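**Student:** this is the structure alone, sequence omitted:
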């Protein structure tokens, strides 16, 4: 489980920057237009900062935002965008300091608490991350990503039942979220609840049939359940999608050898 959990965290942070960028743009735009009869165009510094953020020019983002903060213009937006740049350069303490300032300006913004939770998550400070995700959910009770990352944080604390509860909530809010089925399936498999694990992996496969991991872990669940034929089919499918998958090859060979032995006993 530790290895799987570490892989999940790594995957989240490999793909996090785009999602964070989109969230930052949403929050920044909202803060710029709040209280106005009609949405106003983004200020020039924000357009430049967002473009720099999309292109990974984090020093430029920090510079644009720092100038805006010094000038007193759109301070909340500047803190949010600068926090994203700091997070993408692994300066999580500085990112959190910016989010603290943004929260002072808007203490009921769920996105800000979730963003601060992400900085704690990145540093494996699970309890603090959970507290912030919970605060975000208090303000936005359909906040899918907050439930998802809170669930992963509960896994960090080995509170697997709480994690399952959060993944179940994610699925109820967004039934097409394949990753939620997968992570819940992994926990069910760890609890030797193989039927539910297989059902979850099957759901994930139905949503994203090209994902190798879903077949592989369903194969493991089938194997642990004693359903060798179904397990062999899943390991073969894994190898069809990823011919160099060493783990699937080992499991396939193990089951194939077991089948040969069984056949000889019948002769």
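**Tutor:** It's in. Predicted model, so just to flag it, every value in this text is computed and none were measured.
**Student:** pLDDT value on the closest residue to residue 192 other than its chain neighbours, please?
**Tutor:** Among residues not flanking residue 192 along the chain, residue 224 sits closest, at 7.4 Å (CB to CB, 6 or more residues apart in numbering). Every C-beta, even on glycine, is put in place using the N, C-alpha and C of the backbone. Turning to residue 224, the model gives it a pLDDT of 96.
**Student:** let me know the pLDDT of residue 16.
**Tutor:** 45.
**Student:** whoops, residue 44 was the one
**Tutor:** pLDDT, residue 44: 85.
**Student:** now it: how far from residue 58?
**Tutor:** If you measure residue 44 against residue 58 using CB to CB, to the nearest Å, the figure is 19 Å.
**Student:** now residue 124
**Tutor:** 23 Å.
**Student:** so who does residue 92 touch?
**Tutor:** 86, 119, 122-123 (CB atoms under 8 Å, 6 or more residues apart in numbering).
**Student:** check residue 59 too.
**Tutor:** residue 85.
**Student:** which SSE is it in?
**Tutor:** For residue 59, the enclosing helix or strand under DSSP states H and E is helix 58-71.
**Student:** following element in sequence after that helix, please.
**Tutor:** Following helix 58-71 toward the C-terminus (DSSP H and E): helix 75-88.
**Student:** show me what that following helix is packed against.
**Tutor:** Judged by 3 or more CB pairs under 8 Å, 6 or more residues apart in numbering; DSSP states H and E, helix 75-88 is in contact with helix 2-33, helix 44-54, helix 58-71, helix 92-105, helix 110-122.
**Student:** before we move on, the earlier item: what comes up buried for the strand or helix carrying the residue nearest to residue 192?
**Tutor:** For residue 224, the host element (DSSP H and E) is helix 212-225. Under the neighbour-count criterion of 16 or more other CB atoms under 10 Å, helix 212-225 has 213-223, 225 buried.
**Student:** which ones are touching residue 58?
**Tutor:** Contacts of residue 58 by CB under 8 Å, 6+ apart are 52, 85-86, 88-89.
**Student:** which one among those residues gets closest to residue 103?
**Tutor:** Nearest to residue 103, judged by CB to CB, of the contacts of residue 58 is residue 86 at 15.4 Å.
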